[in-house]
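> give me a 3D structure for the following:
(4 chains)
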Number of protein chains: 2
Amino acid sequence: MFDAINRQSKVPYYHQLYGILRDKIISGAYLPGQALPTEQKLIEAYEISRTTVRHALEQLVNEGLVYRQSGRGTFVAHPAVEQGIGKITSFTEDMRQRGFVPGTEVLNAGLMQAPADIGEKLGVGPDEELALIMRLRLADGEPMSVEESHLRHGFCPGVLVHDYARHSLTRILEREYGIALVRAKQVIRAIPASNSLARRLNIREGDPLLFIERVSYAHSGEPIEYLRIYHRGDRYSFLTELGR
Amino acid sequence: MFDAINRQSKVPYYHQLYGILRDKIISGAYLPGQALPTEQKLIEAYEISRTTVRHALEQLVNEGLVYRQSGRGTFVAHPAVEQGIGKITSFTEDMRQRGFVPGTEVLNAGLMQAPADIGEKLGVGPDEELALIMRLRLADGEPMSVEESHLRHGFCPGVLVHDYARHSLTRILEREYGIALVRAKQVIRAIPASNSLARRLNIREGDPLLFIERVSYAHSGEPIEYLRIYHRGDRYSFLTELGR
DNA sequence: TAGTGGTCTAGACCACAAA
DNA sequence: TTGTGGTCTAGACCACTAA
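I've put the predicted structure just below:
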């Protein structure tokens, strides 16, 4: 049986149990609406304490895989919400998941002083130096979106030397500068394509664009990147989850 | 001092401590980047156990208000992400938060058999009966969006008798049927306005719309509502957060 | 080395749901 | 009445950080 806690592993017991239960739910061993074993049963079956069992179950609740009812039990949630929605995803990953072959062209790259409006969104003064990277994103060779990334250069001096047609900006920030963008806030709008965007995206002026403004934050909550994405409305859609 | 745990209250200790710390962070008593008291200090100050302290801190971490570093301490996150984004909000609340006076006209209401496409999104058979409610939403008296709500009638028989120009659908589902829509998944697109939508929204045909398709789920994960919202692109924007 | 958060245990009392 | 999950305690050992 792999179905036991590995006491030698460095993986915490609660996380092991979480994985075991999650796999059983995903594989269909526990069906939606069905009750999971009670805490007491799990304690006995896996020979771990109640606290540890509850820690594992709590993670499952947070992910929406199960729900608990006081006095009744723990039940498998109906497969409502897919995994991985609402997570920060790179364009490349995103396109692959949608079954497209991703491509990138760098349109522009350089340093600039933060304009007032962007400075405000990043919560920085107008004197701060920003690195601007403009990219055209392709899916199956056809234009999908234009991205304008504004990075606080003080956090990643020299970012511009890399080749962003080939390498992921997110990965470079992590590997070269130890900056993980773990949270982001974004505003989504529908706007008409300007003449210049229409030409770049191979659509007509006035066609609908899905326009996303995103501010991304490091672990500490410090804003690092201000991103503008102009997606072709006829090709792109955005998935989200809501809660509570 | 209100700054202590009320042992008489029915509110759990960990939730009381959570509230105390959250208020101090929001009020600025603890500043971004600053360390919170250590677990040991909190244990002594509030005379509660470490488990309870950790439970409170965990909630703060989940909300992104603080972050913890093993061996270093617990720190106030920079005020990156506002509260309340990504929560399910009624149109009325949403508009009030944006400073508009909300209004509603019912365009249509009736029962129907689920068409194949909607049945698929709700994960139900084509025979299932749906209640359709079409509403025009106004902000400051000017059209903002058209909403088409499809409810599984078996879960809320007789929903259509209520006056949805005056009352919130969400509230009626909760109060009359005990159904809370706690999760939702949505797809957001930018599309051109059709002739009929353009007339209803008082815009021109082809103008960009922010089109949202939302499936909402009850606590158990069962899908209850399929919603289509056509927002005027020039008036509406959608906020989201991303994580990890 | 001292202090921090991360994990884990054993045990207790409670409110709630179902039979 | 019995069993469930929700809360709380006291104590332990560990890995990591910083001085």
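> which residues are contacting the helix or strand where A:T74 lies?
Assigned by DSSP states H and E, A:T74 belongs to strand A:73-76. Applying Cβ atoms under 8 Å, 6 or more residues apart in numbering or on different chains, the contact partners of strand A:73-76 are A:25, A:30-36, A:38-39, A:57, A:65-69, B:220. No exception for glycine: its C-beta is placed from N, CA and C like everyone else's.
> contacts only, for the spatially most central residue of chain A.
Centroid-nearest residue in chain A, with Cα atoms, centre = their mean: A:I88, separated by 1.3 Å. Going by Cβ under 8 Å, 6+ apart, A:I88 touches A:170, A:181-184, A:216, B:242-244.
> quick one: which of these has the most company?
Most neighbours among the contacts of A:I88, by other Cβ atoms under 10 Å in any protein chain shown: A:S216, with 25 neighbours.
> tell me the contacts of it?
A:88, A:181, A:183-184, A:223-225, A:227.
> and those residues, which two are the farthest apart?
A:I88 and A:P223 (14.2 Å; Cβ to Cβ).
> in chain A, which spans are helices?
Residue ranges of the helices in chain A, as given by DSSP state H, are A:13-27, A:39-46, A:50-62, A:91-97, A:116-122, A:169-177, A:195-201.
> for those helices, which one sits closest to DNA strand D?
helix A:39-46 (3.7 Å; Cβ to the nearest atom of the strand).
> so is that closest one next to DNA strand D?
Yes: Helix A:39-46 lies within reach of DNA strand D by Cβ under 7 Å from any atom of the strand, at A:39-41.
> enumerate the residues of chain A near DNA strand C.
A:12-15, A:47-52, A:55, A:69-72.
> between which two of the residues you listed is the distance greatest?
A:P12 and A:G71 (28.6 Å).
> which one of these two has more residues nearby?
A:P12 (13 against 4).
> mark which of the residues of chain A next to DNA strand C are buried, thanks.
A:13-14, A:48, A:52, A:55 (16 or more other Cβ atoms under 10 Å in any protein chain shown).
> nearest residue to A:V124 in space, please, no chain neighbours.
Nearest residue to A:V124, sequence neighbours excluded (Cβ to Cβ, 6 or more residues apart in numbering or on different chains): A:A114, at 5.9 Å.
> that neighbour contacts A:G123, doesn't it?
No: using Cβ atoms under 8 Å, A:A114 makes no contact with A:G123, being 10.5 Å away.
> who has more neighbours out of the two?
Under the neighbour definition other Cβ under 10 Å, A:A114 and A:G123 were set side by side, and A:A114 has more, 21 against 13.
> if I look at the more buried one, how far off is DNA strand D?
30 Å (Cβ to the nearest atom of the strand, to the nearest Å).
> what residue of chain A is the furthest out?
Outermost in chain A, Cα atoms, centre = their mean: A:E44 at 37.2 Å.
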